[in-house]
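**Q** Sequence and predicted structure, then a few things I'm wondering about:
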Protein chains: 2
Amino acid sequence: MPSDPSDPPFLVAAAAAVAEAVAATAAAAAAAPATATATATTPATVETVPAPSVSGASVPAPSVPEPVAVPEADGLQRILRGPSGLGTGGLFRVSPLPERLPEPGAEVPGAPEASASLPEPVEGVPVPGLYFHPVAEPDPVRVAEVSRRIKDWAVDEVDLFPDEWEGQFDGFSVGRYMVVCHPDAPTVEHVMVATRLMVAENAVDDCYCEDHGGSPVGLGSRLLLAHTALDPVHTTAEYAPDWAESLGSDAPRRAYRSAMRYFTELASPSQADRFRHDMARLHLGYLAEASWSQDDHVPEVWEYLAMRQFNNFRPCPTITDTVGGYELPADLQAMPQTQRVIALAGNATTIVNDLYSYTKELAAPGRHLNLPVVISEREGLSDKDGYLKAVEVHNELMRAFEAESAALAAACPAPQLLRFLRGVAAWVDGNHHWHQTNTYRYSLPDFW
Amino acid sequence: MPSDPSDPPFLVAAAAAVAEAVAATAAAAAAAPATATATATTPATVETVPAPSVSGASVPAPSVPEPVAVPEADGLQRILRGPSGLGTGGLFRVSPLPERLPEPGAEVPGAPEASASLPEPVEGVPVPGLYFHPVAEPDPVRVAEVSRRIKDWAVDEVDLFPDEWEGQFDGFSVGRYMVVCHPDAPTVEHVMVATRLMVAENAVDDCYCEDHGGSPVGLGSRLLLAHTALDPVHTTAEYAPDWAESLGSDAPRRAYRSAMRYFTELASPSQADRFRHDMARLHLGYLAEASWSQDDHVPEVWEYLAMRQFNNFRPCPTITDTVGGYELPADLQAMPQTQRVIALAGNATTIVNDLYSYTKELAAPGRHLNLPVVISEREGLSDKDGYLKAVEVHNELMRAFEAESAALAAACPAPQLLRFLRGVAAWVDGNHHWHQTNTYRYSLPDFW
């Protein structure tokens, strides 16, 4: 199996180690109906991403808390072969794109004009000592087109924000964010599926929980009712219309409802179910954090980290296969080893957010919990030392993610799983890139 | 396909309508490796359950809000064939029971003695006008053995309750509850998996939310930290031990942790993931209800019904396949039609709880929301008329569940799906039976 120049180094190494097994798998798959589908999902547009290099962080290699338990031989062999034969075509299917949606950016009139009004990407400063992989700026044509379409959606389809929030919406640079996180998305419309969900998730967080009128009071009710835009209510003929109408009654619910509709046009039922699960986790995380906020309570560091595994970016990398136009089969996704890799990736990306948004949150009214603040408070450290320890926590999570991902790739080199692991790694790297370069939102503290 | 005398009538009818398709499927399956597994999972002990008859409720047939959309022909055919061939054996596997666990009840010494201390089942009065299917009392030998083992587990393994709560634990009759809800469980240990989870779920509800020291204050944090006993935290070497230790720090978490360990010994990773998702839903439901309680707010009826779809029995019927010793494949479970059937079944069973616990909740301190109370308050009805309208809501949900289940069975007669639908129906009927006959906990209001 030739190494792909865009692969993260840890996966290149893992792929080399299992090249023989993969070749055998590929040969076996060549006779199966799945192959044609896999070929059809090769990205139509290939972003050029240079091979990433490791930054000069001086953090020692972490100990890995729970080594991956490799499945027993027969179970592993069963997984490696993968479903095939009659009736398994659905596991590999790619839904056709809805015909009414226009095709990729370069072909759409108006894209260059739209890009002129967007903030220019600025190269920000990475957190010193942070372990991350730099990536190149994403294709500006695709970024401009996603940015144009997402604003049209926000304004015309879901009436997301009043005029005075337009600057914040543009400053979010969500088009650039999602394009850099999904380098293997075959079309602009695939990226749009991720972009709408990201915008909707931020709308719920901002309007219900945080910056724009959010409050912990009554949050449990608001989040559950919003969650029903993702996970529908099944009730009687008398009461169903009131529920359905409620989904149009505020911007967060309109955004969830619309973004979910587009998503389920691309996603298989299992992919949609997996996303709903991650959104239930996210909402549980919001509610745990809100309960501390209501009591003005600072949790233990381990409690904060547990909460932050739920109030987490996880719903975003978890859809990398849908956005990439393929499906990680449900039984591979549910394996404890896969779950651990996804959780570690989500945790690393989420602590990146804590580190880059540190000064923004300090400047906001009230105390906003983040990992540096909780470490400083609970462990009696200075602001600077709390921050630096949070960087170490991130680095250990990031290295654990890579170690577990490589171990899983070696143990179970099913093609969809390898691609999924690459997709999660790309999301992690893209997420860091966006945080580092989004100087509209973020700036670093003066600790160095 | 011969009709099974224990099948609910609506499934018998559906099965007859699709007998030809099923026969064709069975013939095709005869050559596949799955067949041997299916044969091996035939229950070792068969409870004798008479064919249920419909009660004389005079409620008109409901309109069904959202008719099931039958999958398109090629997708349906793909599902009907089911996964087969190389690599799909795992979709049908049954985990072997752990060797250290003793075998079914009749062979275990001490069971008759244990049963002597249990409350005698008493035939309670069903709610007048309720649409339900009566079932026979479950096998008393199996009930006695499950009751003995669950008390040993609660006392010796998880230190669940102080001595003074023993009467309440016995009065819960959870052994009888779970035996009647899982008539196809092949062994006592399979029933135990459901029974431990049911006890653990009640411990969390009682200790965190309701009767025994529960409170809406700080509930978001408590529930999330308890949820990590089901959905583990992946964090750094420094903080992981504090988290792991926390899972032993109170009875609800000890119960979740232990019950989940036993469950994951039987369940496939996909079955475990599905259960975690339903538990996240349950905890979201608790938190929505708590937010209303904190504000002393009575929601709209549709809002209450939405919340009650989450604060719901759903995690219990959803594991019927694990408890039955087989697996509903993840892709069949995730289909929107299956999801709708599960949601409707969960909603009907949960309103049964509202109806039977009405007087118990009225007698408890504070206002306890349930469907009759919310209808009376929001629609200006008397207590009696609110209650009677809640009965109608239940009946419509129950009939919608049966109609959708029959439609799904006809559209997709995969053997595991048919068995799963039978299992959910058995759970619904068993749940009603337990509520009707548990006069230790429940009594009806004087409305007739």
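**A** Now that the structure is in, tell me what you want to look at.
**Q** Point out where the stretch 1-150 of chain A drops to low pLDDT.
**A** A:1-122 (pLDDT under 70).
**Q** likewise the stretch 151-300 of chain A?
**A** A:211-214.
**Q** chain center to stretch A:137-151, what's the gap?
**A** 18 Å (C-alpha atoms, centre = their mean, to the nearest Å).
**Q** And A:His432, how far from A:Gln339?
**A** Separation of A:His432 from A:Gln339 (C-beta to C-beta, to the nearest Å) stands at 22 Å. To be clear about C-beta, it is placed using only N, CA and C from the backbone, and glycine gets the same treatment.
**Q** Give me the more crowded residue out of those two.
**A** Shown here are A:His432 and A:Gln339; by other C-beta atoms under 10 Å in any protein chain shown, A:His432 has more neighbours (28 against 18).
**Q** Grab the nearest non-local neighbour of the more buried one.
**A** Counting by C-beta to C-beta, 6 or more residues apart in numbering or on different chains, A:Phe132 is the residue found nearest to A:His432 once chain neighbours are left out, at 4.5 Å.
**Q** tell me which element that neighbour is part of?
**A** Per DSSP states H and E: A:Phe132 is located in neither a helix nor a strand.
**Q** Report how many residues lie close to it.
**A** 23.
**Q** same check, this time on A:Tyr131
**A** By other C-beta under 10 Å, 23 other residues sit near A:Tyr131.
**Q** So it versus A:Glu379, what's the distance?
**A** Taking C-beta to C-beta, one finds A:Tyr131 at 21 Å from A:Glu379.
**Q** Over to the residue most central in space within chain A: give its phi and psi.
**A** Central residue of chain A (C-alpha atoms, centre = their mean): A:Cys316, 2.3 Å from the mean position. Per-residue torsions, A:Cys316: phi -80, psi -60 (degrees, to the nearest 10).
**Q** hang on, it packs against A:Ala194?
**A** Yes: under the criterion of C-beta atoms under 8 Å, A:Cys316 makes contact with A:Ala194 at 6.9 Å.
**Q** intersection of neighbour lists for these two?
**A** A:Cys181 (C-beta atoms under 8 Å, 6 or more residues apart in numbering or on different chains).
**Q** State the three-state secondary structure for A:Leu381.
**A** The assignment at A:Leu381 comes out as coil when based on DSSP: H, G, I helix; E, B strand; the rest coil.
**Q** so who does it touch?
**A** Per C-beta under 8 Å, 6+ apart, neighbours of A:Leu381: A:375, A:389.
**Q** swap in the one 3 residues further on?
**A** Shown in contact with A:Lys384 (C-beta under 8 Å, 6+ apart): A:445, A:447.
**Q** Can you give me the separation between the residue nearest to A:His432 and A:Pro365?
**A** Going from A:Phe132 to A:Pro365 by C-beta to C-beta gives 31 Å.
**Q** One more: A:Val135?
**A** Counting by C-beta to C-beta, the gap from A:Val135 to A:Pro365 is 34 Å.
**Q** For those two, indicate the residue with more neighbours.
**A** A:Val135 (21 against 6).
**Q** The more buried one contacts A:Asn431, correct?
**A** No: A:Val135 is beyond contact range of A:Asn431, at 10.1 Å (criterion: C-beta under 8 Å).
**Q** All the helices of the stretch 201-350 of chain A, in order from the start?
**A** For the stretch 201-350 of chain A, the helices defined by DSSP state H, counting those that start in this stretch occupy A:219-227, A:240-246, A:251-266, A:269-295, A:301-310, A:320-324, A:330-333, A:336-356.
**Q** want to try JSON lines for the ones you listed, with distance to chain B as columns?
**A** JSON lines is the format used below for those (distance: least, C-beta to the nearest C-beta, whole Å):
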{"stretch": "helix A:219-227", "distance to chain B": "3"}
{"stretch": "helix A:240-246", "distance to chain B": "4"}
{"stretch": "helix A:251-266", "distance to chain B": "9"}
{"stretch": "helix A:269-295", "distance to chain B": "3"}
{"stretch": "helix A:301-310", "distance to chain B": "4"}
{"stretch": "helix A:320-324", "distance to chain B": "13"}
{"stretch": "helix A:330-333", "distance to chain B": "4"}
{"stretch": "helix A:336-356", "distance to chain B": "4"}
